[in-house]
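Peer 1: just coords:
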């Protein structure tokens, strides 16, 4: 039996490398990479005479053709993508933030206009439908394969949640109203997972796993492949003219 030979061009090699790097995160049904998203949204649910429950989900808002469109997702069905446009210096943030994230990190902005300009997620934490009181969000675990450190912090750089790779640091925080915008910072590219739950008094949600895909800057190898592919394409055009 004869097998067809596949010519491994630079473009094909680059495509294979990118496909392999995205394989694990491609299994989720929905990838969110821009717009306003309440990533940790706790919902108070009461149906008829049933006892109330607390549910932790992801709430997305997008403007489509001038119309506000809202979507609700189960956390396990979503990849939250942090694009390379989020990469920045941590100068100006608190010492606590810099100690966790280093001198440069991938940080989602608090400001919606900045997020729109960069094509990034502007992310929040929310409570919906609750009676008066506070909701507490708790990180009960961080993925064993997390490639770097994580920090969730407010506009004054106060830490709300943190993790050093798989080790949870600051583990919980509470909110009392609506939704609050936070900075979400990651020290290294790659795929992160975090296990979280929400509590309201004696009520507690199920533990949900959230997945973040932090896109790296182009590596030297990828840049070399791109440059080589460009040279090959240019060379072909020159040869064709001779």
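Peer 2: Sure, I can see it. From a predicted model like this one, the values you see are computed outputs, not experimental measurements. Residues are numbered from 1 along each chain as shown.

Peer 1: Run through the residues that contact the nearest residue to residue 154 once chain neighbours are set aside.
Peer 2: Take residue 154 and drop its neighbours on the chain: the residue closest to it by Cβ to Cβ, 6 or more residues apart in numbering is residue 182, 5.7 Å away. Any C-beta I mention is one placed from the backbone N, CA and C, and that applies to glycine too. Listed by Cβ atoms under 8 Å, 6 or more residues apart in numbering, the contact set of residue 182 reads 110, 123-125, 152-154, 160.

Peer 1: and residue 182, how far is that from residue 29?
Peer 2: Plainly put, residue 182 is 25 Å away from residue 29 if you go by Cβ to Cβ, to the nearest Å.

Peer 1: how about the contacts of residue 182 in TSV, adding neighbour count and distance to residue 52?
Peer 2: Putting those into TSV (neighbours: other Cβ atoms under 10 Å; distance: Cβ to Cβ, whole Å) gives the following:
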residue	neighbour count	distance to residue 52
110	18	31
123	25	27
124	22	23
125	24	20
152	23	27
153	24	31
154	15	29
160	21	25
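
Peer 1: State the pair within the residues you listed that is farthest apart.
Peer 2: 124 and 153 (13.1 Å; Cβ to Cβ).

Peer 1: Give the rounded mean pLDDT of the helix or strand containing residue 173.
Peer 2: Using DSSP states H and E, residue 173 falls within strand 172-175. Average pLDDT, strand 172-175: 97.

Peer 1: And the next helix or strand past that strand?
Peer 2: Sequence-wise, the next helix or strand downstream of strand 172-175 (DSSP H and E) is strand 179-181.

Peer 1: Could you list every helix and strand in contact with that following strand?
Peer 2: strand 121-128 (3 or more Cβ pairs under 8 Å, 6 or more residues apart in numbering; DSSP states H and E).
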